[in-house]
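[1] fold the following for me, if possible:
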Amino acid sequence: MNYKNKRALVSGMARSGISAAKLLRGLGADVTLQDIKTEDKLDIDMEELAGIRLFLGKNPDDIVSEYDLLVLSPGVPADLPFIIKARELGIPVISEVELAYTVCSAPVIAITGTNGKTTTTALTGEIFATEYKTEVVGNIGLPFSDRVTGLGENDRVVIENSSFQLETIDTFHPVCAAVLNITPDHLNRHHSLENYIAAKENIFRNMTEKDFLILNKDDEVTLGMADRTKARVYFFSRREVLSEGVWADEKSIYVNIEGISGKVCDIDDMNIIGGHNVENAMAAVGLAVCGGISLDHIRRALTEFKAVEHRIEYVITRDGVDYYNDSKGTNPDAAIKAVYAMKKPILLIGGGYDKQSDYSDWVKTFDGRVKYLAIIGEVKNDIKNECDRQGFKAYELFETFEDAVASCMKKAESGDCVLLSPACASWDMFDSYEQRGRIFKEIVRS
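    Residues are numbered from 1 along each chain as shown. So this is what the prediction gives:
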């Protein structure tokens, strides 16, 4: 697509928005970058925005009609009045991911789902990198727009897609995609589970009979997606042996896809722990086989891959206590997986920003596993009430993150583990889950 001399408005000055604005500027567009924060509230280098106009401190309701294109950062809700106005005026409204895709020459492999996206994306990227120059981008922390320039048909892009990014795609078309699982999340943004699922399903909206879609057969929602895509579908399962697809028993992972069949590797040979990571690995195997990667290269990458930062990340052992950073556990389902992955009694730090989640299933996992819960954040009273309702009394409420971590460290005994897996987003106390995880690691290492 030709963006030369197009008047483009980019909304949101986090990493994705800045990257989109710089990409558009490089493509010859006339770019305005907007954010509701004022300049003194933005931690950015203004020099890198040379040649880009800024519109700060409010929404662009009065100026949106002046533009040919509106690009949204993931953090900008798609139902704000100026966005609705743009659509009514016929102005295209797209995500940063869609923008980068329109100028990308490399085939795209895309991953979405509620949980496991980051690990699966990182692992898939390492597998593809055994045979291709591969860029790993998207919700994993590196904007697609930062890496799209210079990619060719012989390269590959592996992208983690959030529901926020997929809300406003148009032509985005992966050749291979995976939907890992669906549980309620971000309902404060999407307003209903149906809207959330619809956003996720946009990942395969433009896929054709030539493309491959990998779905979780053990998840009722993703199982049903097979009937709503034109792509060739292969399932993965931890519960049953499949005649085609990827499956696992207690010991090993197996595959039978497109003429490639056999044992992939033993689960104990992988460095990532927990049944959920077996599912992540199976999804990556499916994507890689459909992408033409040899089984030998897949096996090698699986056994060499280390856990990604902030996702059940081992930090340190001190005085017989193991410390794990699962700051990426930003919803109850992800946090449940982390609890199940621990093999020792848990002192748990939980709580944070309110995404209107249901904490009942999370608290149910505590019995016999969690010996102490330090509760923080905006939702601490909701979590307290759920603990009281279920009879879990071994908790305390804290006003600061540092005090919560210190309390767990003081109470932990040799043979225990301290786990940061909050079941909530970080935005009430931190800029990001990455910042929360880094501070946790600094505290326990100090």
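[2] what ranges do the strands span in the stretch 201-350 of the chain?
    Using DSSP state E, counting those that start in this stretch, the strands of the stretch 201-350 of the chain run over 212-216, 232-237, 245-248, 252-257, 260-266, 313-318, 321-325, 346-350.
[3] closest to Ser145 out of those strands?
    When these are compared by C-beta to C-beta, strand 212-216 sits nearest Ser145, at 25.2 Å. Placement of C-beta: from N, CA and C, glycine included.
[4] ok now the closest one, how far from the chain's centre?
    With C-alpha atoms, centre = their mean, to the nearest Å as the basis, strand 212-216 stands 17 Å off its chain's centre.
[5] who are the packing partners of it?
    Packing partners of strand 212-216 (3 or more C-beta pairs under 8 Å, 6 or more residues apart in numbering; DSSP states H and E): strand 176-179, helix 220-224, strand 232-237, helix 275-290.
[6] out of the ones you listed, which one sits most buried?
    Most buried of these by mean neighbour count (mean count of other C-beta atoms under 10 Å) is strand 176-179; its value is a mean of 28.
[7] what lines up beside that one in the sheet?
    Note on strand 176-179: by DSSP bridges, its sheet partners are strand 108-112 (parallel), strand 212-216 (parallel).
[8] related to what we said a few turns ago, now the helices and strands packed on strand 212-216 as JSON lines including mean pLDDT and distance to Glu167?
    Formatted as JSON lines, those follow (pLDDT from 0 to 100; distance: least, C-beta to C-beta, whole Å):
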{"stretch": "strand 176-179", "mean pLDDT": "98", "distance to Glu167": "15"}
{"stretch": "helix 220-224", "mean pLDDT": "96", "distance to Glu167": "18"}
{"stretch": "strand 232-237", "mean pLDDT": "98", "distance to Glu167": "23"}
{"stretch": "helix 275-290", "mean pLDDT": "96", "distance to Glu167": "22"}
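[9] closest to Leu27 out of the ones you listed?
    Between Leu27 and the helices and strands packed on strand 212-216, the tightest spacing by C-beta to C-beta is seen for strand 176-179, at 26.1 Å.
[10] could you check how far the closest one is from the centre of its chain?
    Counting by C-alpha atoms, centre = their mean, strand 176-179 is centred 14 Å from the centre of its parent chain.
[11] equivalent analysis for stretch 7-18, please.
    Centroid displacement of stretch 7-18 relative to its chain, using C-alpha atoms, centre = their mean, is 20 Å.
[12] in this structure, which helix or strand is least confident?
    Using mean pLDDT, DSSP states H and E, the weakest-scoring helix or strand in the chain turns out to be helix 187-190, at a mean of 62.
[13] and the residue nearest to Ala335 when sequence neighbours are not counted, how far from Lys355?
    Nearest non-adjacent residue to Ala335, counting by C-beta to C-beta, 6 or more residues apart in numbering: Ala423, 3.7 Å away. Distance of Ala423 to Lys355, given as C-beta to C-beta, to the nearest Å: 10 Å.
[14] quick check: which of the strands paired with strand 176-179 is buried the most?
    Sort the strands paired with strand 176-179 by mean neighbour count, taking mean count of other C-beta under 10 Å, and strand 108-112 sits at the top with a mean of 29.
[15] pull out the CA atoms of that strand and give them to me as PDB.
    Below are the C-alpha coordinates for strand 108-112, written out as PDB (Å, rounded to 0.1, in the frame of the first residue of the first chain):
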ATOM      1  CA  VAL A 108       3.500 -14.300   8.700                       C
ATOM      2  CA  ILE A 109       3.000 -17.000  11.300                       C
ATOM      3  CA  ALA A 110       0.600 -15.700  14.000                       C
ATOM      4  CA  ILE A 111      -0.400 -16.800  17.500                       C
ATOM      5  CA  THR A 112      -3.200 -15.700  19.800                       C
END
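[16] could you point out which element follows it?
    helix 117-128 (DSSP states H and E).
[17] what is the burial count for Ala86?
    22 (other C-beta atoms under 10 Å).
[18] was I right about it contacting Asp61?
    No. With contact defined as C-beta atoms under 8 Å, Ala86 does not count as touching Asp61 (10.1 Å).
[19] okay, now the unreliable bits of the stretch 1-150 of the chain?
    Counting by pLDDT under 70, the stretch 1-150 of the chain has no low-confidence residues at all.
[20] which residues in it form strands?
    So, for the stretch 1-150 of the chain - with DSSP E, counting those that start in this stretch - the strands run 7-11, 30-35, 53-56, 69-72, 93-95, 108-112, 134-138.
[21] what residues go with each domain of the chain?
    Following the assignment in automatic domain parsing, the chain carries domains at 7-91, 98-304, 313-445.
[22] can you redo the strands paired with strand 176-179 as a markdown table with distance to Ala406?
    Below are the strands paired with strand 176-179 laid out as a markdown table (distance: least, C-beta to C-beta, whole Å):
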| stretch | distance to Ala406 |
| --- | --- |
| strand 108-112 | 36 |
| strand 212-216 | 39 |
